[in-house]
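**Student:** Please find the sequence and the predicted model below.
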Amino acid sequence: MATIKQVAQAAGVSFTTVSHVLNNTRPVSDAARRAVLAAAEQLHYVPSALARSLRSRSTGTIGLIIPNNTNPYFSEVARGIEDSCYAAGYSVILCNSDDDPVKQRDYLNVLLTKRCDGLILSALADSDGELLRKMKVPAVLLDRAPSDLSIDAVAVDNRAGGALAACHLLGLGRRRLACIAGPREVRISNERIAGARSAMADAGVVLADALCVHGDFTSAGGYAAALDLLALPPGQRPDALFCCNDLMAFGALRAAAERGIAVPAELAVVGFDDIDLASFVHPALSSVAQNTRELGHITAACLLARIADPALPRQQRSIAPELHVRGSSVAATVPSSAPTSSPATELMGMTS
């Protein structure tokens with residue numbers, strides 16, 4: 001890679017003249033400017049981003065740490081973040097933590113070393129929050145953020161989303177509701193289950209411990225959990241299933257098909273996230289929507305505002321979920337005189 005001194009030598013000028021031409025920091029004669037630009041093009045010279053960042057105190061980069069970009073939910077959110085940051089003149093450095101605290105800490109240190117202008121983190125330990133405060137780096141916590149850290153945060157109302165799913169299933173006349181939760185230690189999954197339990201309790205329905213099993217947010221995990229639930233005797237087997245993300249719901253649909261259990265006639269299924277693929281499985285999956293791209297845009301906007309004005313008051317954005325009803329949880333039979341709005345639509349209208 002050519003250096004600024006090599007450009008200066010080829011153009012027959014001093015390296016300070018090259019710097020002034022490339023950075024427009026001082027008037028230079030037309031002849032010298034033409035010589036510098038021609039030499040830079042001939043040598044394929046690329047200005048040092050590090051040197052520029054030291055002068056401007058800005059690298060034009062945003063660091064983004066998510067658990068797993070093979071999960072469509074995170075990839076869709078990341079795309080929304082990237083689109084907004086790119087439009088504002090920033091590049092995004094994407095890191096996958098794999099829900100490993102050690103790996104996340106390593107990536108966090110790398111991004112801080114690279115002098116990113118801001119950070120978006122989808123999971124954060126208290127000790128990492130203390131590190132961010134010491135480094136004074138603008139940051140936004142996304143989705144899985146601890147509630148007790150004084151850092152900007154954007155999250156979906158997970159309890160409300162769980163309640164939406166449960167109310168919809170109860171509105172279909174289902175009473176043996178089961179849940180496939182995420183890992184026990186993941187707060188957002190626990191919040192979604194808590195919302196579902198609360199809505200069920202209000203309707204006089206108890207979620208039995210045996211009907212709430214834990215998966216790992218993957219299709220394989222949902223498949224295995226659903227096989228266990230669907231192996232129960234017919235009188236105990238669930239007639240409705242709420243899965244804490246869409247990937248686990250896809251696995252549940254596969255398990256039901258293998259067991260010969262008709263969806264939605266014998267088993268209604270609702271997921272969470274409403275990723276793009278939810279509309280293309282069969283039957284199409286009903287899902288609690290987070291509007292992933294918009295969530296990414298909102299998160300990026302919060303960070304860009306913080307970068308522009310570090311003195312802003314702390315931002316706390318809670319996004320209201322919506323239930324999108326599709327073939328996996330429609331009523332088995334719908335009279336022709338029935339109203340077009342579903343119980344979920346009416347509930348959504350009440351909560352909007």
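**Tutor:** Great, that's in hand. Note that this is a predicted model, so its numbers are computed, not measured.

**Student:** For A38, list the residues it contacts.
**Tutor:** A11 (Cβ atoms under 8 Å, 6 or more residues apart in numbering). For every residue, glycine as well, the C-beta is placed using N, CA and C.

**Student:** whoops, I mixed them up, E76
**Tutor:** Listed by Cβ under 8 Å, 6+ apart, the contact set of E76 reads 275-276, 292-293, 296.

**Student:** Let's see that with 10 Å instead.
**Tutor:** Listed by Cβ atoms under 10 Å, 6 or more residues apart in numbering, the contact set of E76 reads 69, 273-276, 290-293, 295-296.

**Student:** and what of L229?
**Tutor:** Each residue near L229 by Cβ under 10 Å, 6+ apart is listed here: 178-180, 210-213, 236-238, 241, 252, 255-256, 267.

**Student:** hmm, which of the residues you listed are the buried ones?
**Tutor:** 178-180, 211-213, 237-238, 241, 252, 255-256, 267 (16 or more other Cβ atoms under 10 Å).

**Student:** and of those, the nearest to N109?
**Tutor:** Set against N109, the nearest of these by Cβ to Cβ is I180 (35.3 Å).

**Student:** OK, contacts around that closest one?
**Tutor:** Shown in contact with I180 (Cβ under 10 Å, 6+ apart): 189, 193, 211-215, 217, 221-226, 228-229, 241-245, 248-249, 251-252, 269, 271.

**Student:** at 7 Å instead, please
**Tutor:** 213, 215, 222, 225-226, 241, 243-244, 248, 252 (Cβ atoms under 7 Å, 6 or more residues apart in numbering).

**Student:** I'd like the list of those that fall within strands, please.
**Tutor:** Assignment to strands by DSSP state E places the following of the contacts of I180 there: 213, 241, 243.

**Student:** Switch those over to TSV; also include pLDDT and distance to K5.
**Tutor:** TSV is the format used below for the ones in strands among the contacts of I180 (pLDDT from 0 to 100; distance: Cβ to Cβ, whole Å):
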residue	pLDDT	distance to K5
V213	96	66
L241	98	67
C243	98	61
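
**Student:** for those residues, which one is nearest G63?
**Tutor:** Distance ranking of the ones in strands among the contacts of I180 against G63, using Cβ to Cβ, places C243 first at 31.1 Å.

**Student:** wait, that closest one sits on G251?
**Tutor:** No: in this structure, C243 is not within contact of G251 by Cβ atoms under 7 Å, at 8.2 Å.

**Student:** Between these two, tell me which one has more neighbours.
**Tutor:** C243 (33 against 23; other Cβ atoms under 10 Å).

**Student:** what's the spacing between the more buried one and C116?
**Tutor:** In this view, C243 and C116 are 35 Å apart by Cβ to Cβ, to the nearest Å.

**Student:** just G161 next, same as before
**Tutor:** For G161 relative to C116 (Cβ to Cβ), the value is 31 Å.

**Student:** okay, those two: which has more neighbours?
**Tutor:** Per other Cβ under 10 Å, whichever of G161 and C116 has more neighbours is G161, with 28 against 24.

**Student:** does that one count as helix, strand or coil?
**Tutor:** When classified by DSSP: H, G, I helix; E, B strand; the rest coil, G161 comes out as helix.

**Student:** got it, and G63?
**Tutor:** Under three-state DSSP, the three-state class of G63 is strand.

**Student:** Contact partners for the nearest residue to it once chain neighbours are set aside?
**Tutor:** Take G63 and drop its neighbours on the chain: the residue closest to it by Cβ to Cβ, 6 or more residues apart in numbering is L111, 3.5 Å away. Residues near L111 by Cβ under 7 Å, 6+ apart: 63, 93, 119.

**Student:** any weak-confidence spans in the stretch 201-350 of the chain?
**Tutor:** Counting by pLDDT under 70, the ranges of the stretch 201-350 of the chain that qualify are 332-350.

**Student:** rewinding a little: among the contacts of E76, which are located in strands?
**Tutor:** Members of those lying in strands (criterion: DSSP E): D273.

**Student:** Pull up the overlap in contacts between C243 and G251.
**Tutor:** Contact criterion Cβ under 7 Å, 6+ apart; residues shared by C243 and G251: G222.

**Student:** mind checking how far A268 is from P283?
**Tutor:** Relative to P283, and taking Cβ to Cβ, A268 is found at 10 Å.

**Student:** Next: G63.
**Tutor:** 40 Å.
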